[in-house]
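Colleague: Predicted coordinates and the sequence they were generated for:
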Amino acid sequence: MNQQPSKRSFTYHEQETMWQLWSQGKSLSEIGRQLSKHAGSVFCYLQKPDGIKPPAPNRSVRDLSLQEREEISRGISANLSLRAIARNLNRAASTVTREINRNGGVSKYRAVTADRRAWTKAKRPKTCKLNDNANLRTIVSERMAFDGVDHFFRCLKFEQQNYAKMKTNTLANADQFMLYFQAATVTTPR
C-alpha cells in the first residue's frame, strides 16, 4: 500500500526550496503554490524556527556514525564478541557495549533505529531540569529563600547525592540562575 505523506510533511527537497523562496521574500501563498501545499502548512513549518533556517545538524567525530552502527549490527548478527566489534571500529569496548545496551540489547539492536534515537536525544536546546522537576524546583526555591544564594551553592554538592541526575554545571552560573529563580517564583503558583 502506497502511503501519502501528510499535508504538513515536507521532503528534504521541498524544505530546501521553501527556505530558498522564503529568503527571496516570496509570500506564503506563492511558496505554497509552487510546492502544491497549503499556505497554512508552509506557515506552520516556517514558524517553528521563527522564520530563520536552522543550521544543518552535524555530529561530533566522537559520536558513532550510522555506518559504525551498521557495523555493530553486522557484528552482532555474525556472533562476534563486543570486543572484536569494537576492535574493528577502532573504538573502546565500553562504547560498543553502552551503544548496544542503550538500544535494546544484543537481541533487539537495529542500526537505523539507534541512529534515529541518537539524533533525537542530541537535539538542543534541552529543557532546564528545574522546569521539568517540580519537587526539585520547590526545594531549590525554599533553600535559596532560607539560606541565601551563596550558602545554597556551597551546600549544593551535598544535596546532589539525592538528585543523582542533576549535574553541578546545571546550576553553575549563579546570575543566570537567579534570573530564572526570580521569574519562576513570580510565575509558579505555590
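Modeller: Great, that's in hand. Numbers count the residues shown, from 1 in each chain.
Colleague: Out of the helices and strands in the chain, which is least certain?
Modeller: Using mean pLDDT, DSSP states H and E, helix 174-187 stands out as the lowest-scoring helix or strand of the chain, at a mean of 52.
Colleague: show me where pLDDT drops low in this protein?
Modeller: Applying pLDDT under 70 to the chain flags the ranges 1-8, 125-126, 149-190.
Colleague: how about the helices in it?
Modeller: Assigned by DSSP state H, the chain shows helices spanning 12-23, 28-35, 39-47, 66-77, 82-89, 93-102, 105-108, 111-121, 129-132, 134-147, 149-159, 174-187.
Colleague: need the ones you listed in TSV with mean neighbour count and distance to residue 60, can you?
Modeller: Yep, even glycine has a C-beta here, placed from its N, CA and C like the rest. Below are the helices of the chain laid out as TSV (neighbours: other Cβ atoms under 10 Å; distance: least, Cβ to Cβ, whole Å):
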stretch	mean neighbour count	distance to residue 60
helix 12-23	15	22
helix 28-35	17	34
helix 39-47	16	28
helix 66-77	18	13
helix 82-89	17	16
helix 93-102	16	13
helix 105-108	9	25
helix 111-121	14	11
helix 129-132	15	23
helix 134-147	14	29
helix 149-159	13	29
helix 174-187	12	25
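Colleague: Which of the ones you listed sits closest to residue 56?
Modeller: Closest to residue 56 of the helices of the chain, according to Cβ to Cβ: helix 12-23, at 10.4 Å.
Colleague: picking up where we left off before, export the helices of the chain to TSV and tack on distance to residue 54?
Modeller: Shown next, in TSV, are the helices of the chain (distance: least, Cβ to Cβ, whole Å):
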stretch	distance to residue 54
helix 12-23	9
helix 28-35	17
helix 39-47	11
helix 66-77	21
helix 82-89	30
helix 93-102	26
helix 105-108	32
helix 111-121	14
helix 129-132	22
helix 134-147	30
helix 149-159	34
helix 174-187	24
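Colleague: Phi, psi for the residue nearest the centre of the chain please.
Modeller: Nearest to the mean C-alpha position of the chain, by Cα atoms, centre = their mean, lies residue 123 at 2.5 Å. The phi and psi values for residue 123, taken as degrees, to the nearest 10, are phi -60, psi 140.
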